[in-house]
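*Asks:* with the sequence up front, the predicted model follows.
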Amino acid sequence: MKIAIIGTGYVGLVSGACFAEMGVDVTCVDVDSTKIDNLHKGIIPIYEPGLEDMVNRNVKAERLHFSTRLDDVLDDVEVIFSAVGTPPNEDGSADLKYVLQVAREVGQKMNKYVLLVTKSTVPVGTARLVKQAIQEELDKRGVSIPFDVASNPEFLKEGDAINDFMSPDRVVVGTESEKAKELITRLYRPFLLNNFRVIFMDIPSAEMTKYAANSMLATRISFMNDIANLCEIIGADINMVRKGIGTDVRIGSKFLYAGSGYGGSCFPKDVQALIRTAEENGYELKLLKAVEEVNNTQKEVLFRKLAKRWGHDMSGKTVAVWGLAFKPNTDDIRQAPAFDIIRKLLLAGATVRCFDPIAIPASKSYLEYLEKDNNTTEKPDYSKVYFANDIYDATFDADALLLVTEWKEFRMPSWNVVKKSLKNPLVLDGRNIYDKTEMKELGFEYECIG
Ligand code: NAD
């Protein structure tokens, strides 16, 4: 079977490589010619464990191809997945311009039946707009060609995306025709040979399922952060509380970790978009508004802990930050809490020494972009951010160490080296990965979340 995937980002490239791994002939299409040129040279644009090997293996086997032109493959494929970005508009709603551009392009260029499957996270009603856009283009051409649309929201987690795609908990698909159902079944059967967990449903329910899933996960995080903050005030320990409630099978132990707030390219924008969808339909999602508010406050919790000790004027202070990516095992820094903290520290006059095992190049580009951006009112002095060569270089002569992302290599550092390197042995653990008693015994002033 031959398919095309439009949008070769985190979702498109992983999906393309995984379908190719199962024997499907896949062409990944992207408008970003640098990305496609690099992929032709074997340079993978993102960091995702296992992806580089899988891409190169399938390119070599001639099952995975890259192109900037959809027309090159459109006449040969039965199924097209659209995995382009759906960034937030200023009001929080999802910007559908890329999704609809893809639909129009398909309508302009198709010459035979295709099934266009939207993998991007899109609000309820988008499939209708996609269908309308294709039909309008066909009408303009004065041709009548059958097509189907479907919704197949993606649930992969960056950092473990290949495992998630190869062995999904479930695959959710919204369809309107038997033909679409049959094509999707053929494509996903190899991933779910022993237990076929494709859940077919109507398209609006599939579109909604993705938002509901991300909103539920974000809610668990904000709930635990809120309870953690209360634990600190009343003298309870959130780690004990987490164990206590996580063993209840109705609650479960996953996604119950207090920390410095959620980030990434999905939770913040999807929670906002669902709030907007509700508002546009005359309903107020009070719970999700609170989830978002708690998270916005939580992203600055480490800064507040420092400000409590040092006051809001941090001139002359140097702060080490371990971890920039929004979570471990990815180079994705979109909406990462580290940058909220760094911004607050710089505005307070501090100098920052940061380290991340993978996300430093992406972070440097992001800070260069922020430096040139003249639309922000309060612009910190980004030249006061030093990108360190390793974890100990980051702590050199610093007045405090903040652990922001729980990469494995931060879990068991040589604390004696850290202590010697720091000017002041203060460690603020934004992910609760260190042992309170041990840190105190080692002579650190230590605080975690909750
Ligand atoms: P991304 O920004 O990494 O990639 C999107 C790609 O689409 C870019 O390379 C861009 O150049 C390309 N593109 C845009 N318009 C195009 C067009 N007209 N033709 C061809 N290519 C085009 O995005 P992502 O993180 O992969 O997310 C894609 C979608 O999947 C979003 O809706 C997101 O919410 C959703 N999603 C993301 C994740 C994740 O972990 N990143 C997980 C599940 C769902």
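*Replies:* Received the coordinates, thanks.

*Asks:* domains of this protein?
*Replies:* As assigned by automatic domain parsing, the chain contains the domains 2-201, 217-447.

*Asks:* in contact with the nearest residue to residue 349 once chain neighbours are set aside, which residues?
*Replies:* Closest residue to residue 349 apart from its sequence neighbours, by Cβ to Cβ, 6 or more residues apart in numbering: residue 315 at 3.5 Å. Yep, even glycine has a C-beta here, placed from its N, CA and C like the rest. Contact analysis of residue 315 by Cβ atoms under 8 Å, 6 or more residues apart in numbering lists 348, 349, 350.

*Asks:* how much space separates the first one from the ligand?
*Replies:* Looking back up the chat, that one is residue 348. 32 Å (Cβ to the nearest ligand atom, to the nearest Å).

*Asks:* over to that residue: give its phi and psi.
*Replies:* Main-chain torsions, residue 348, degrees, to the nearest 10: phi -80, psi 0.

*Asks:* picking that back up, adding neighbour count, write the contacts of residue 315 out as CSV.
*Replies:* Converted to CSV, the contacts of residue 315 look like this (neighbours: other Cβ atoms under 10 Å):
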residue, neighbour count
348, 19
349, 15
350, 24
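
*Asks:* can you list the residues you listed in CSV and add distance to residue 426?
*Replies:* Shown next, in CSV, are the contacts of residue 315 (distance: Cβ to Cβ, whole Å):
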residue, distance to residue 426
348, 16
349, 17
350, 13
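
*Asks:* tell me the one of those nearest residue 322?
*Replies:* Using Cβ to Cβ, residue 350 is the member of these that sits closest to residue 322, with 15.6 Å.

*Asks:* does the closest one touch residue 313 like I think?
*Replies:* No: look at residue 350 against residue 313 with Cβ atoms under 8 Å: they stay out of range, at 9.5 Å.

*Asks:* tell me which residue of this protein lies closest to the ligand.
*Replies:* Residue of the chain nearest the ligand, by Cβ to the nearest ligand atom: residue 9 (1.8 Å).

*Asks:* ok, so what distance separates that residue from residue 45?
*Replies:* Distance of residue 9 to residue 45, given as Cβ to Cβ, to the nearest Å: 8 Å.

*Asks:* tell me the contacts of the residue of the chain closest to the ligand?
*Replies:* Counted by Cβ under 8 Å, 6+ apart, residue 9 has contacts 30, 45, 46, 83, 84, 85.

*Asks:* just put those in a markdown table and tack on secondary structure and pLDDT.
*Replies:* Output for those, formatted as a markdown table (DSSP: H, G, I helix; E, B strand; the rest coil; pLDDT from 0 to 100):
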| residue | secondary structure | pLDDT |
| --- | --- | --- |
| 30 | coil | 98 |
| 45 | coil | 94 |
| 46 | coil | 94 |
| 83 | coil | 98 |
| 84 | coil | 98 |
| 85 | coil | 96 |
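
*Asks:* most neighbours, which of the residues you listed?
*Replies:* residue 83 (30 neighbours; other Cβ atoms under 10 Å).

*Asks:* doesn't the residue nearest to residue 349 belong to a strand?
*Replies:* No: if the criterion is DSSP: H, G, I helix; E, B strand; the rest coil, then residue 315 is coil and not within a strand.

*Asks:* can you pull the phi/psi pair for it?
*Replies:* Here is the backbone geometry of residue 315 (degrees, to the nearest 10): phi -60, psi 140.

*Asks:* and if you look at residue 116?
*Replies:* Torsion angles, degrees, to the nearest 10, at residue 116: phi -100, psi 110.

*Asks:* show me where the stretch 101-250 of the chain has its strands.
*Replies:* 114-118, 147-151, 171-174, 198-201 (DSSP state E, counting those that start in this stretch).

*Asks:* tilt between the first one and strand 147-151?
*Replies:* The one in question is strand 114-118. Orientation check (axes from the mean of the first three to the mean of the last three Cα atoms, to 10 degrees): strand 114-118 against strand 147-151 gives 20 degrees.

*Asks:* what residues does strand 114-118 touch?
*Replies:* 74, 77-82, 99, 102-103, 106, 126-127, 130, 134, 147-152, 179-180, 183-184.

*Asks:* return the subset of these lying in helices.
*Replies:* Among the contacts of strand 114-118, the members falling in helices (DSSP state H) are 74, 99, 102-103, 106, 126-127, 130, 134, 179-180, 183-184.

*Asks:* just the buried residues from the residues you listed, in ChimeraX please.
*Replies:* Buried residues within those, by 16 or more other Cβ atoms under 10 Å, are selected in ChimeraX with:
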select :74,99,102,103,106,126,127,130,134,180,183,184
